[in-house]
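S.K.: with the sequence up front, the predicted model follows.
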Amino acid sequence: MLTKTRPATSNASCERLLDGFRPSFEFEPVNPLPEDEFAERLRHIRRQATVAGHDLILVHSDSIGSYKTSNSYLRYICDWMREGVLVIPTDDDKPLVMFSFFSSSVLLPPAGEPVLVDEIWQVGTWGRETYNRPGRTVDRVVEAVAAHLERNGLASSQVGLFGDASSGPYWDGLKARLPRSRFVPDAGIIERMQRRRTKREQEIVRAAAQLADIGIQAAYHVIRPGVTDHEIYAAFTYAQMSRGGEWGDGYQIGVNRYGTHCGKPYGHIVRPGDLINLYISSVSYHGYTAQIARMIAVGDITDKQEEVLQMCVEGVEAAAALVQPGELVSRIADASFEPYIRRGYLTSSDSRTMPYNWQSNEDGSPRLVQKRHVPDEDWERQGRKLMHVYPAATGPHNPNVGHCVSMAKFTPYNIASNNHDRLEEGMTFVLHSQWLEPMVAGCNVGNCYLVTEDGCENLSCNTPLAPLRVKA
């Protein structure tokens, strides 16, 4: 018979873990972007559409479950958090029209009112099983959009398309329905607007980083032997969401004796010798995100583990020291890996040849994950066993030291040896230094940075980069 998982704090209320917690700084709330910021974006999009010869732009975002969308295009253009198709005529005297097809993901105002949109048409969802209505939602949306274009004299037009892989069925349907129109994928117009953030956007990203720092401080407050990874995760979540964070699942926690840095809570009870990673890959505030990573050592750890922790901290610090407008991105990446090379962990900072945790074999064939029983009493108490060694290869998590952050699902740029772009004021990105040798040692630490006029700002400055030490 299986033994049910029990909370580590079975003799005390879990909710009391945050008793007495106060962050070291006051969170500074920021209002959502004002309408004039969205109006400026719309002006730019319409101008670029004119240059490209488009008569209108169609913007599509679909639901991917759990109240998330397949891209942030609608959020960026008009602050619409859900799925739909937005019609943007190039002529600025013609209104924006939204065709929505949400169902159980419906949002009511606030956070449900698109900015600058004149009309919202609810197409609804269709299907036999759930709605007992014959038809497909895609077909109904296509028909509604096509009919709107016909009524407004746009049935024979050049149409710029902003979408992603989920948009294909909608675009195919419209091509068949409007054979005299020319459809041109042109999401590059909006993607190019993502490189630099305006002053108002920077304020929101900075606030998202503050929420992440507060969440980390709350996690630090509760971490001690006997507490579960669920409780640590919950403390982080409560602290940031109670101050305005949009959701509580944009991050990972890893706890074991070897420094794992990716995972979700599963009931691990913190013990002396554990290494804990808080990989805050996304705390979202008004649609903008920040990313931070921190390590916690519980009691004594090995000399090898200490070396890896120090190496990764030095990697972030070396990279951050070079951040300023005009600096080559590749030079920043090279600097981050110098501590690895100096210690003999790597021979080169070249991302093409660098080993990393999830790589296949050198010839491109799949790499076999080592099969081996890895004892884990907290997992086995639930009737399961860990029977493979993860990850399959030794190295950093990725062959880069970071990437852009701000809005989800836009085309990213990476801080890597093959990126020879130069930094520009207003860019926001994470620098995270990582290393994991399976069953031996690991680390993942990082800060979120904003490129300023004369250097950079560490947006995650309210918690130290160095690992936290918890007494056993």
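M.R.: Great, that's in hand.
S.K.: quick check: domain ranges of the protein?
M.R.: 14-25+195-470, 35-194 (automatic domain parsing).
S.K.: which secondary structure state does R47 sit in?
M.R.: Taken by DSSP: H, G, I helix; E, B strand; the rest coil, the conformation at R47 corresponds to helix.
S.K.: typed the wrong thing, it's I253
M.R.: strand.
S.K.: what about the host helix or strand of V430, distance to the chain center?
M.R.: Assigning secondary structure by DSSP states H and E places V430 in strand 428-437. Strand 428-437 sits 14 Å away from the centroid of its parent chain (Cα atoms, centre = their mean, to the nearest Å).
S.K.: so the residue nearest the centre of the chain: helix, strand or coil?
M.R.: Nearest to the mean C-alpha position of the chain, by Cα atoms, centre = their mean, lies S282 at 4.3 Å. Look at S282: counting by three-state DSSP, its state is strand.
S.K.: any idea how far it is from G168?
M.R.: 26 Å (Cβ to Cβ, to the nearest Å). C-beta coordinates here come from the backbone N, C-alpha and C atoms, glycine included.
S.K.: hmm, back to that, residues contacting the residue nearest to the residue nearest to the centre of the chain when sequence neighbours are not counted?
M.R.: Among residues not flanking S282 along the chain, G250 sits closest, at 3.1 Å (Cβ to Cβ, 6 or more residues apart in numbering). Neighbouring residues of G250 by Cβ atoms under 8 Å, 6 or more residues apart in numbering: 280-284, 289.
S.K.: same question for T50.
M.R.: Counted by Cβ under 8 Å, 6+ apart, T50 has contacts T90.
S.K.: and it, its phi and psi?
M.R.: Main-chain dihedrals, T50, degrees, to the nearest 10: phi -60, psi -50.
S.K.: show the model's pLDDT score for it.
M.R.: At T50, the model reports a pLDDT of 98.
S.K.: so that it lines up with my notes, have the first residue be 875 from now on.
M.R.: Shifting the count to begin at 875 puts that one at T924.
S.K.: distance check, it against L1035.
M.R.: Counting by Cβ to Cβ - T924 and L1035 are separated by 16 Å.
S.K.: isn't W954 right up against L990?
M.R.: No: shown here, W954 and L990 do not form a contact pair, counting by Cβ atoms under 8 Å, at 10.2 Å.
S.K.: hey, C-alpha coordinates of stretch 894-903 in PDB?
M.R.: Extracted in PDB, the C-alpha atoms of stretch 894-903 (Å, rounded to 0.1, in the frame of the first residue of the first chain):
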ATOM      1  CA  GLY A 894       7.200  37.900  10.600                       C
ATOM      2  CA  PHE A 895       8.300  38.200   7.000                       C
ATOM      3  CA  ARG A 896       8.900  41.700   5.700                       C
ATOM      4  CA  PRO A 897      11.000  42.300   2.500                       C
ATOM      5  CA  SER A 898      14.100  44.500   2.800                       C
ATOM      6  CA  PHE A 899      12.500  47.100   0.500                       C
ATOM      7  CA  GLU A 900       9.000  48.500  -0.300                       C
ATOM      8  CA  PHE A 901       7.600  47.300  -3.600                       C
ATOM      9  CA  GLU A 902       6.800  50.300  -5.900                       C
ATOM     10  CA  PRO A 903       3.600  49.600  -7.900                       C
END
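S.K.: from E1017, how far out is G1047?
M.R.: The value you get for G1047 to E1017, if Cβ to Cβ is used, is 8 Å.
S.K.: swap in T1326?
M.R.: 50 Å.
S.K.: just P1043 next, same as before
M.R.: From P1043 to E1017 the distance is 13 Å (Cβ to Cβ).
S.K.: quick one: buried residues of whichever helix in the chain runs longest?
M.R.: Across the chain, the longest stretch assigned as helix under DSSP state H is helix 1073-1096. By neighbour count on 16 or more other Cβ atoms under 10 Å, the buried set for helix 1073-1096 is 1075-1096.
S.K.: residue contacts, G1173?
M.R.: Contact analysis of G1173 by Cβ under 8 Å, 6+ apart lists 1099, 1146-1148, 1344-1346.
S.K.: which secondary structure state does A1171 sit in?
M.R.: A1171 ends up strand, using three-state DSSP.
S.K.: tally up the residues packed near it, please.
M.R.: Residues near A1171, counting by other Cβ atoms under 10 Å, number 20.
S.K.: pretty sure G1047 contacts A1018?
M.R.: No: using Cβ under 8 Å, G1047 is not in contact with A1018; the gap is 10.8 Å.
S.K.: dig out what Q1126 forms beta bridges with.
M.R.: Y1153 (DSSP bridges).
S.K.: right, I'll leave it there.
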